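A.B. asks: with the sequence up front, the predicted model follows.
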Amino acid sequence: MDTNRTNMISSYAALLNEGVIVVTGGCSGIGLAIAQAAAASKTDVVVVFDLPESIDTIKNKSAEILFKAVDVTIEKDVQQAVNEVYQTYGRIDALVNSAGITGDTNIKSHQTTTENVRHVFEVNFMGSYFTSKHVLPIMLQKNYGRLLHIASIAGKEGNAGMLAYSASKAAVMGMAKVQGKEYAETGITVNAIAPAVIRTPLVDQMPEEQVKYMTDKIPMKRCGTLSEIANLALYIISSQNSFTTGFTFDLSGGRATY
């Protein structure tokens, strides 16, 4: 079993043997796992967009990953960073939108603050919108590209106590559906992943009762792992994923099968 799984992981990694990949939120958690997996696959360049204060903590962990200090909620900064990548390398082959925050949790809707809900949407939805808006024209020049938005099972089902997060991730999945249809004839695929609870620093910051609420809903009765989501992401952004677009891939231990 372990040998088969190792071989599967190696085959997915081998799919990414060239090109330029941009990963947002790649200094921690899911984004970091995907960036490191892509770098290990011998892709030419993995460029991470993340907040300045996050970069120094891991900048020397892999010589194959380059970092740009970018606040994805500021469109002009996103546009400038995307243009710099394009001017340097002449291409962007894949974009993974992993930057995200949970915002206030374990709180009912009438207790939320407008400021917090707005901020969660700015990071989770608008950040993914800005990056895809400015990367897509570059991909259209070559009629090839892979976009992957990291959504959440909360966007499919709605997690009580997580209004802003659930709603923003539902919006991300809606964007993947729209973009998948819009670019279906161009050689560009746009998909999303809806993970259940993945053990990351972000999840570790949640109240334990909120994590238990989410984990109890998973038939496998465990959290997903970073390697599991990274392996699925590598396939989705590979050239082998050529006939699936506008789709949200389940990674929920059986919680969602639709």
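C.D. replies: Yep, it's here.

A.B. asks: could I get the buried residue list for the host helix or strand of residue 139?
C.D. replies: Counting by DSSP states H and E, the element that carries residue 139 is helix 127-142. Neighbour counts over helix 127-142 (16 or more other C-beta atoms under 10 Å) mark 127, 128, 129, 130, 131, 132, 134, 135, 136, 138, 139 as buried. No exception for glycine: its C-beta is placed from N, CA and C like everyone else's.

A.B. asks: same question for stretch 155-172.
C.D. replies: Quick answer for stretch 155-172 (16+ other C-beta under 10 Å): 155-157, 159-172.

A.B. asks: got it, and stretch 72-82?
C.D. replies: 72, 73, 75, 77, 78, 81, 82.

A.B. asks: okay if I get those residues as a markdown table plus pLDDT, secondary structure and distance to residue 26?
C.D. replies: Below are the buried residues of stretch 72-82 laid out as a markdown table (pLDDT from 0 to 100; DSSP: H, G, I helix; E, B strand; the rest coil; distance: C-beta to C-beta, whole Å):
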| residue | pLDDT | secondary structure | distance to residue 26 |
| --- | --- | --- | --- |
| 72 | 97 | coil | 11 |
| 73 | 98 | coil | 16 |
| 75 | 98 | helix | 19 |
| 77 | 97 | helix | 16 |
| 78 | 98 | helix | 14 |
| 81 | 97 | helix | 13 |
| 82 | 98 | helix | 15 |
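
A.B. asks: contacting residues for residue 219?
C.D. replies: 253, 254, 255 (C-beta atoms under 8 Å, 6 or more residues apart in numbering).
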